[in-house]
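Q: Sharing a sequence plus its predicted fold:
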Amino acid sequence: MADRRNGNAKSNNSKVPGGSTSYAINLENFSKRLKMLYSHWTEYNNDLWGASEVLAIATPPPSEDLRYLKSSALNVWLVGYEFPDTIMVFMKKQIHFLCSQKKASLLEVVKRSAKDVMGVEVVIHVKAKNDDGTTLMDKIFRAVHAQSRLDGGDTPVVGHIAREAPEGNLLETWDQKLKSANFQLCDITNGFSDLFAIKDEAEITNVKKAAYLTSSVMKHFVVPRLEKVIDEEKKVSHSSLMDDTEKVILEPAKIKVKLKAENVDICYPPIFQSGGEFDLKPSAASNDSNLYYDSTSVIICAIGARYNSYCSNVARTFLIDANPVQKKAYAVLVKAQGATIAALKPGSKAGDAYQAAVAVVEKEAAELVPSLTKSAGTGIGLEFRESGHNLNGKNEKILKAGMVFNVSLGFQNLQTETKNPKTQKFSLLLSDTVIVSQNAPEVITSLSSKAVNDVAYSFNEDEDEDEQEEQPKMKAKTGNAEVLPSKATLRSVNHEMSKEELRRQHQAELARQKNEETARRLAGTGSGVADNRGSGKPSSELIAYKNVNDLPPPKDFMIQVDQRNEAILLPIHGTVVPFHVGHVKSVSSQQDTNRSCYIRIIFNVPGTPFNPHDSNTMKFQGSIYVKEVSFRSKDPRHISEVVQQIKTLRRQVASRESEKAERATLVTQEKLQLAGSKFKPMKLTDLWIRPVFGGRGRKLTGTLEAHTNGLRYSTSRPDERVDIMYANIKHAFFQPAEKEMITLLHFHLHNHIMVGNKKTKDVQFYVEVMDVVQTIGGGKRSAYDPDEIEEEQRERDRRNKINLDFQNFVNRVNDLWGQSQFKALDLEFDQPLRELGFHGVPHKASAFIVPTSSCLVELIETPFVVVTLSEIEIVNLERVGLGQKNFDMTIVFKDFKKDVMRIDSIPSTALDGIKEWLDTTDLKYYESRLNLNWRPILKTITDDPEKFIEDGGWEFLNMEASDSDSENSEESDQGYVPSDAQSDSGSEEENDDSESLVESEDDEEDDSDEDSEEDEGKTWEELEREASNADREKGHESDSEEDRKRRKMKAFGKARAPERRNSGGSLTKRARFR
């Protein structure tokens, strides 16, 4: 639980005055704590410090593992943050530091403070990057021997932290030299444990902030999350709960705790346990099993958070439909932990606190004593478990005001009589962070309640009522051990509807409204909105020469390419015939064995497959066209040049005509009115644009300006300019960089515009907030290394500045759009709601898709996704259920001529969040087990909208309705039992009609050949029918072949368009194909 990552997290230093991004040591704290260190060392040298003359502390390199080290704790306690790969040596008159240049520059400021407070000289030894440090170590050893000789000794006694194994080249070298030197070594772990045990006022403040965060996460996130999971019967693993809780701890703003995220970290990964498998040791971990919350089950949650490296801890046990054994055990545990906390008084022994708990358990339930944990907790602070301060029965240490303890008490592996093996064994655990004070112990995690009525939940309403009736009797009989009524928030205990039930009711109402709206729209517009796809203005006529006199002078038997007039001049029967290069389909050359070279030119003519139908070919349909021509030449070089010239010219003309055709479909926009000289336009500089401008030159950043009636983006190149009119903006988005690398403004337009030579409806302007940096060398860097801290701070400052600049621009443009002349446009920058986002595949790559107040967007990966919520007809969630890890979302638009939008491979964990979001935005959604083929479905609707409305509209997608219809049909079948005479005929015909929808032609041929196969014995189908008839006679029709066929039809029917129905409402029978 507490031994996996470097435990001494973020520093609690302040910045250098003047706004510098470098960090400074708090000299007041350093002076005070240095004095405490020397005083404690002098006073308790023989008892705790091993009569040492020198203290040598080596801090190892950074690690990704979660761990707590005395050396790291000393760094944070003394100078404010961790100094990895650093050696500190304390002597009576000197303090030696062996470290890198960066750390040395930070430590320079402590020299004067150390001299003023303790009269000791600070000597800093700077280790070069490629130096192993042996020379510097020898200097330190000579200083140690010199002090020892002055004190009259030959062998200096050097104290070190024996339990910390050396890591890294520097510390391994130091350890070898220390052990081989003429020193007497002793362990000083106990000295540091006692020194860190009593916290000063600043440390107490940090512990209280950590405790407030810990208990707030438990109360405002963990408890509501568990209640929701249990109430809605979700399947959630312990490990996923652990991940979600860890994210909340690291981002306190999510639960409205006003602590800076950079000062916060976890003590250990949050622990969730249930289902009969419990481990109350501090090293426990959350497994991948699902949370178990059936009747008489127990859930244990433990959370630890740190603030400025100081730890806190809280653990709670939740009871689900607890039986009397569990209730009694929990009541005893609450009382025992209360006795332990009450015993934490200055002057008392640490062991007395545990004995107080044992006394309560022996008095209330002696049979539980063997299951009680062997310790009631440990000291807590910079380390999650402070050695030497365990609250067990053998610890004789005297408690003092200012000590902080993690009071953790529990019962392990208790037995209860249930039929469920997952609830036969259960454990209980309670933990709180407590400060020892002069008056009474202060429980600083009390915000998270452990009262029975706040942690016990009930599923069964009848049992609750019986329990409430019997409460007076139970109180009279059991006295203080009586259990209070449980918290009735789950299921229908208070006759309250769950969120799922409310959502279903709302969706049913939305379905009714949606079908009425669709009926009105289809009745009013016929087949819906007109299909404009493929429409466009005809391309311009391709004319090479308007006059015969414009032709260049002919060259005998030569093919010429006229670049200026975009023509090819071909010699045909002694005459030069011009062809516009736009009519050329392809050109190629080939050389034969006689060194003759052939050139072949193929033209676009009417009737050719894949030939574009333009005005030129359609104007002269009755004419005779030249399909291809071939020429032979003895000059291969000339032929090669001609082929290359034709291909190049053809490519240029095709590109120009394509761009011209694109521009011909554009809607003419108003002209941009530039801001006057009195009012400078609002600007954002150094922006990149997507889509990018064409060309092969180096891409340049540009400036976005807000003018009177539109926006203008331009670079230093005169041809790179884009104007966006306010009247053409459909949606505007501002997405600050949070977990992305860019901050962006995105505009989704009503009509297409041209960006360079690209036609687009989406234009985006962005800035990269973080530079891509490649670390040289494979070594890991610590999150608490000053170099790393400074670099991270620079990145944060850059990101915050860019986000602030964008925000200011957005606010000013919003103010402009709020003016009376723009109110009709209803424009405002929308911001994506990240907490509602989900991962999916809208195109070819996975992306993070985020809702906004009016759209569903994905603005990072291209092509962009912008879906207007008001244009959505319904949403169908496909491949839901069947134990799938992913599902798909299909968005059907109100314009049925428009293809549906698909978002594939959405994790199933996002299903409930998406359904909740769709419901709150009044979007009707359906669920299906299979993917549907939507083109024929939409075609069926547009071809016969009246039939679609008569058949119930979109309700053919309602799985619940179709399931109930199927059940009703099965019940009606059960009321009719065929006789023996009918079983071979009528039932077969019914089966034939249903089977024809799903069976193959081979099966049908087998049916037709039954007579010929009788001589050879009964077929599998005959045996199946006989078994089916036997089942009918016995009344077991629910398992009959006919019902199985019907269910099979139902599954196949989910993937088809809604069938046309007859007047009776049943599906029309299809003729079988013979």
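A: Noted; the coordinates are in hand. Numbers count the residues shown, from 1 in each chain.
Q: Pro270 contacts Ile300, doesn't it?
A: No: with contact defined as CB atoms under 8 Å, Pro270 does not count as touching Ile300 (11.2 Å). Heads up, the C-betas are built off the backbone N, CA and C, glycines and all.
Q: between the two, which one's more packed in?
A: Pro270 (26 against 22; other CB atoms under 10 Å).
Q: isn't Val436 right up against Pro346?
A: Yes: counting by CB under 8 Å, Val436 does reach Pro346; the two are 6.3 Å apart.
Q: what touches both of the two?
A: In terms of CB atoms under 8 Å, 6 or more residues apart in numbering, Val436 and Pro346 are both contacted by the residues Leu399, Lys400, Ala401.
Q: can you pull out the strands in the stretch 351-500 of the chain?
A: Listed in chain order, the strands of the stretch 351-500 of the chain (DSSP state E, counting those that start in this stretch) span 377-379, 386-390, 404-415, 425-435, 442-443, 456-457.
Q: In CSV, list those along with distance to Thr214 and mean neighbour count.
A: Shown next, in CSV, are those (distance: least, CB to CB, whole Å; neighbours: other CB atoms under 10 Å):
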stretch, distance to Thr214, mean neighbour count
strand 377-379, 15, 26
strand 386-390, 17, 21
strand 404-415, 11, 23
strand 425-435, 7, 24
strand 442-443, 12, 18
strand 456-457, 22, 23
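Q: Tell me the helix or strand right after the longest helix seen in the chain.
A: Taking DSSP state H as the criterion, the chain has its longest helix at helix 786-817. With elements assigned by DSSP states H and E, the helix or strand that comes after helix 786-817 is strand 829-830.
Q: what's that following strand packed up against?
A: strand 729-735, helix 786-817 (3 or more CB pairs under 8 Å, 6 or more residues apart in numbering; DSSP states H and E).
Q: distance between that strand and the chain's centre?
A: Offset of strand 829-830 from its chain centre (CA atoms, centre = their mean, to the nearest Å): 23 Å.
Q: about what we covered before: please say which of Val436 and Pro346 ends up with more neighbours.
A: Val436 (23 against 15).
Q: need the contact list for the closest residue to that one other than its chain neighbours.
A: Among residues not flanking Val436 along the chain, Met403 sits closest, at 4.4 Å (CB to CB, 6 or more residues apart in numbering). Shown in contact with Met403 (CB under 8 Å, 6+ apart): Ala197, Ile198, Lys199, Leu344, Gly379, His389, Ile435, Val436.
Q: Between these, which sits nearest Val841?
A: Checking the contacts of Met403 against Val841 with CB to CB, the nearest one is Gly379 at 51.2 Å.
Q: Please report how far the residue nearest to Val436 lies from Phe631.
A: 102 Å (CB to CB, to the nearest Å).
Q: for the longest strand along the chain, which positions count as buried?
A: Secondary structure of the chain per DSSP state E: the longest strand is strand 742-755. Across strand 742-755, burial judged by 16 or more other CB atoms under 10 Å covers Ile742, Thr743, Leu744, Leu745, His746, Phe747, His748, Leu749, His752, Ile753, Val755.
Q: Would you list the strands that that strand pairs with, along with their directions?
A: strand 729-735 (antiparallel), strand 758-768 (antiparallel) (DSSP bridges).
Q: Distance to Arg163 for the ones you listed - can I get that in TSV?
A: Shown next, in TSV, are those (distance: least, CB to CB, whole Å):
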stretch	distance to Arg163
strand 729-735	50
strand 758-768	46
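Q: Can you tell me which of these is nearest to Leu250?
A: Distance to Leu250, taken as CB to CB, is lowest for strand 729-735 among the strands paired with strand 742-755, at 21.7 Å.
Q: what's the closest one in contact with?
A: With CB under 8 Å, 6+ apart as the test, strand 729-735 has contacts from 743-750, 806-807, 810, 825, 827-832, 852, 854-855, 857, 859, 866, 868.
Q: got the angle for the longest helix of the chain vs strand 758-768?
A: 130 degrees (axes from the mean of the first three to the mean of the last three CA atoms, to 10 degrees).
Q: Output the contacting helices and strands for helix 786-817.
A: For helix 786-817, the packing partners by 3+ CB pairs under 8 Å, 6+ apart are strand 23-24, helix 101-107, strand 682-690, strand 702-706, strand 729-735, strand 742-755, strand 829-830.
Q: again, only this time at 10 Å
A: Judged by 3 or more CB pairs under 10 Å, 6 or more residues apart in numbering; DSSP states H and E, helix 786-817 is in contact with strand 23-24, helix 101-107, strand 682-690, strand 702-706, strand 729-735, strand 742-755, strand 758-768, strand 829-830.
Q: now those in a markdown table, with mean pLDDT and distance to Tyr310?
A: Listed next are these as a markdown table, based on pLDDT from 0 to 100; distance: least, CB to CB, whole Å:
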| stretch | mean pLDDT | distance to Tyr310 |
| --- | --- | --- |
| strand 23-24 | 74 | 18 |
| helix 101-107 | 90 | 22 |
| strand 682-690 | 91 | 42 |
| strand 702-706 | 93 | 46 |
| strand 729-735 | 94 | 36 |
| strand 742-755 | 92 | 34 |
| strand 758-768 | 92 | 37 |
| strand 829-830 | 90 | 41 |
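Q: I'd like to know which of the ones you listed is closest to Ser215.
A: Closest among the helices and strands packed on helix 786-817, using CB to CB: strand 23-24, at 29.8 Å.
Q: what's the very next helix or strand once past that closest one packed up against?
A: Sequence-wise, the next helix or strand downstream of strand 23-24 (DSSP H and E) is helix 27-43. Helix 27-43 sits against strand 54-59, helix 70-79, strand 86-90, helix 110-118, helix 189-197, helix 201-217, with contacts defined as 3+ CB pairs under 10 Å, 6+ apart.
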